[in-house]
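1. here is my input; please provide its structure:
(one chain, ligands or ions: 1)
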Amino acid sequence: MKKANNTNNLKRGINRRDFTARSVLGIAGLAIGSNVQAQAPAKNLQPSALTAKQDSEKRKLGSLQVSPLGLGCMSMTSGSYNPPRSKEEMIPVIRGAVDLGVTFFDTAEVYGPFTNEELVGEALKPVREEVVIASKFGFDLGNGERNGRNSKPEHIRQAVEGMLKRLQTDRIDLLYLHRLDPNVPVEEVAGTVKELIKEGKARHFGLSEVAPATIRRAHAEQPVSALQSEYSLVQRALEHEVLDTCEELGIGFVPWGPVCRGFLGDKFNEYSRFSEDSRFSSVPYFTPEAIQAHMELLVLVRQWAMRKQATPAQISLAWLLAQKPWIVPIPGTTKLHHIKENMGACAITFSDEELKEFRQAFEKIALVGVRPAESALVDQ
Ligand SMILES: NC(=O)c1ccc[n+]([C@@H]2O[C@H](COP(=O)([O-])OP(=O)(O)OC[C@H]3O[C@@H](n4cnc5c(N)ncnc54)[C@H](OP(=O)(O)O)[C@@H]3O)[C@@H](O)[C@H]2O)c1
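-> Numbering: from 1, shown residues only. Purely as a prediction, here's the structure:
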């Protein structure tokens, strides 16, 4: 029954579009209740504007076509930013994303571990042919524990067999190396993925958090379709060399952490504090000093949200989309109403003047606990 409903929703494009437009209007209204100094009013988006954007502005990662925003599924099961959620709660969220026009879904073997891929596989099974699934290998997960990195060819092959089963599919559309294994040359990793692509078990090759020199070496062995690294208004270390390398080689870029783990979604404020066992307590830009310092940036984002009749999350995502046409952010969320809100970012544009003005303002704000520019030249 659910399968039929979903497929019908996908085919009934007009209904989906109407739903999306209404949702964005409704959600932008919700933001008015948040703890803002400069409050963002409801965005006055016409359904036609959204329709045009979502349907005509599919983006390309190399030759892989995807929706302009993807969905990061990590926090649904990993317990990183919230307690793990049940499949019963999250399957409707993932299927709701498909109905809203999202065709690009991000998971990884290590999220859970394994349970995130199981969730994504089950949720997307009824619409498998309409969506792009990205997953990542690179860790030794023996006994369900994370035991360091492992990208030996035989381990990659074993990991991919597990992924295919958990994702209930015969191919991984975008297969990423999650983190470079210092003991395995990247050419060997790329060569293994090349064979998997020849065998039909993977379609495209991706890298995550690697330096330009490593991207070049891997790309020479097997063309890379996408690089996934952290990029947002807060975390901008890779803006120059890394993005330039992607542009030169025709590689798409997938920012993870695009709403700065919720900070740019106005989820936290200067009074936010985290317990020692929280993932946030180990993130250097979530210390009390860093949050305090970054409130100035958040206030600026709220001001732009007012100006563009949008929400802070929408401004943060629209700004990323405006940097390059081959950038596809993958905001993570456990909430369908946040997916609706985030998709509204696709209808927000910035003129060159506005982009310049915004950048001049945010570059004056001192950031704390963020990656230094030189870190972009080092494999993470
Ligand atoms: N390659 C890598 O090494 C790597 C590392 C980390 C993550 N990732 C991938 O990238 C994806 C995204 O990164 P991320 O999840 O770390 O960071 P993110 O997308 O910047 O932030 C996720 C957090 O933001 C909140 N959020 C999302 N939309 C919001 C909105 N409109 N308003 C308010 N809050 C909002 C979510 O809370 P709610 O649940 O309350 O909406 C969630 O806690 C992950 O899901 C994962 O697939 C990759």
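2. would you confirm that residue 150 contacts residue 181?
-> Yes. Applying CB atoms under 8 Å, one finds residue 150 in contact with residue 181, separated by 6.1 Å. Where C-beta positions appear, they are placed from N, C-alpha and C, glycine not excepted.
3. who touches both of the two?
-> residue 138 (CB atoms under 8 Å, 6 or more residues apart in numbering).
4. of all the residues in the stretch 151-300 of the chain, which one is nearest the ligand?
-> Ranked by CB to the nearest ligand atom, the top residue of the stretch 151-300 of the chain for proximity to the ligand is residue 265, at 2.4 Å.
5. now that residue: closest residue in space, sequence neighbours ignored.
-> Once flanking residues are discounted, residue 265 sits nearest to residue 313: 4.0 Å by CB to CB, 6 or more residues apart in numbering.
6. and the one you found, what pLDDT?
-> Listed pLDDT for residue 313 reads 98.
7. so it sits against residue 266, correct?
-> Yes. Using CB under 8 Å, residue 313 is in contact with residue 266, at 7.2 Å.
8. send the alpha carbons of whichever strand or helix holds residue 193 over as PDB?
-> Using DSSP states H and E, residue 193 sits in helix 186-198. The C-alpha trace of helix 186-198 is given here as PDB (Å, rounded to 0.1, in the frame of the first residue of the first chain):
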ATOM      1  CA  VAL A 186      44.600   6.200  -2.900                       C
ATOM      2  CA  GLU A 187      45.300   4.800  -6.400                       C
ATOM      3  CA  GLU A 188      44.700   1.300  -5.000                       C
ATOM      4  CA  VAL A 189      41.400   2.500  -3.600                       C
ATOM      5  CA  ALA A 190      40.400   4.100  -6.800                       C
ATOM      6  CA  GLY A 191      41.500   1.000  -8.800                       C
ATOM      7  CA  THR A 192      39.300  -1.200  -6.600                       C
ATOM      8  CA  VAL A 193      36.300   1.100  -7.100                       C
ATOM      9  CA  LYS A 194      37.000   1.100 -10.800                       C
ATOM     10  CA  GLU A 195      36.600  -2.700 -10.800                       C
ATOM     11  CA  LEU A 196      33.400  -2.400  -8.800                       C
ATOM     12  CA  ILE A 197      32.100   0.100 -11.300                       C
ATOM     13  CA  LYS A 198      33.000  -2.300 -14.200                       C
END
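9. show residues contacting stretch 355-364.
-> Against stretch 355-364 from outside (CB under 8 Å, 6+ apart): 233, 297, 300, 304, 319, 322, 350.
10. what is the neighbour count of the residue nearest to residue 265?
-> Residues near residue 313, counting by other CB atoms under 10 Å, number 28.
11. can the helix or strand where it lies be said to contact the ligand?
-> Using DSSP H and E, residue 313 falls within helix 312-323. Yes. Counting by CB under 6 Å from any ligand atom, the ligand is contacted by helix 312-323 at residue 313.
12. so what touches that helix?
-> With contact meaning CB under 8 Å, 6+ apart, helix 312-323 is reached by 28, 31, 36, 40, 43, 68-69, 231-233, 243, 255, 258-260, 264-266, 298, 301-302, 304-305, 308, 310, 327, 329, 331, 338, 341-342, 344-346, 348-350, 355, 358.
13. how many neighbouring residues does the closest residue to residue 345 other than its chain neighbours have?
-> When the adjacent residues along the chain are set aside, residue 345 lies closest to residue 317, with 3.6 Å between them (CB to CB, 6+ apart). Residue neighbour count, defined by other CB under 10 Å, stands at 30 for residue 317.
14. kindly provide the distance from residue 317 to residue 258.
-> 6 Å (CB to CB, to the nearest Å).
15. go on, residue 149?
-> Distance from residue 149 to residue 258, by CB to CB: 25 Å.
16. still on that earlier bit, now the common contact residues for residue 317 and residue 258.
-> In contact with both residue 317 and residue 258: 329, 331, using CB under 8 Å, 6+ apart.
17. just confirm residue 226 is within a strand.
-> Yes. Under DSSP: H, G, I helix; E, B strand; the rest coil, residue 226 sits within a strand.
18. quick one: the strands in the chain, in order.
-> 59-61, 64-66, 71-72, 104-106, 132-137, 172-177, 202-208, 224-230, 252-256 (DSSP state E).
19. export those to TSV and tack on distance to the ligand, mean neighbour count and mean pLDDT?
-> Shown next, in TSV, are the strands of the chain (distance: least, CB to the nearest ligand atom, whole Å; neighbours: other CB atoms under 10 Å; pLDDT from 0 to 100):
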stretch	distance to the ligand	mean neighbour count	mean pLDDT
strand 59-61	14	21	98
strand 64-66	14	18	98
strand 71-72	2	26	98
strand 104-106	4	27	98
strand 132-137	6	26	98
strand 172-177	7	26	98
strand 202-208	4	24	98
strand 224-230	5	25	98
strand 252-256	3	24	98
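20. residues from this structure in reach of the ligand?
-> So the chain meets the ligand at 72-75, 81-82, 106, 208-209, 228, 256-262, 265, 267, 313, 330-335, 338, 341-342 (CB under 6 Å from any ligand atom).
21. just the buried ones from these, in ChimeraX syntax?
-> With 16 or more other CB atoms under 10 Å as the criterion, this ChimeraX line picks the buried residues out of these:
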select :72,73,74,75,81,106,208,209,228,256,257,258,259,260,261,262,265,267,313,330,331,332,333,334,338,341,342
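22. which pLDDT value goes with residue 185?
-> pLDDT, residue 185: 98.
23. ok, it - contacts?
-> Each residue near residue 185 by CB under 8 Å, 6+ apart is listed here: residue 217.
24. hang on, the earlier thing: looking at the residues of the chain next to the ligand, which are in helices?
-> Among those, DSSP state H puts 74, 75, 313, 338, 341, 342 in helices.
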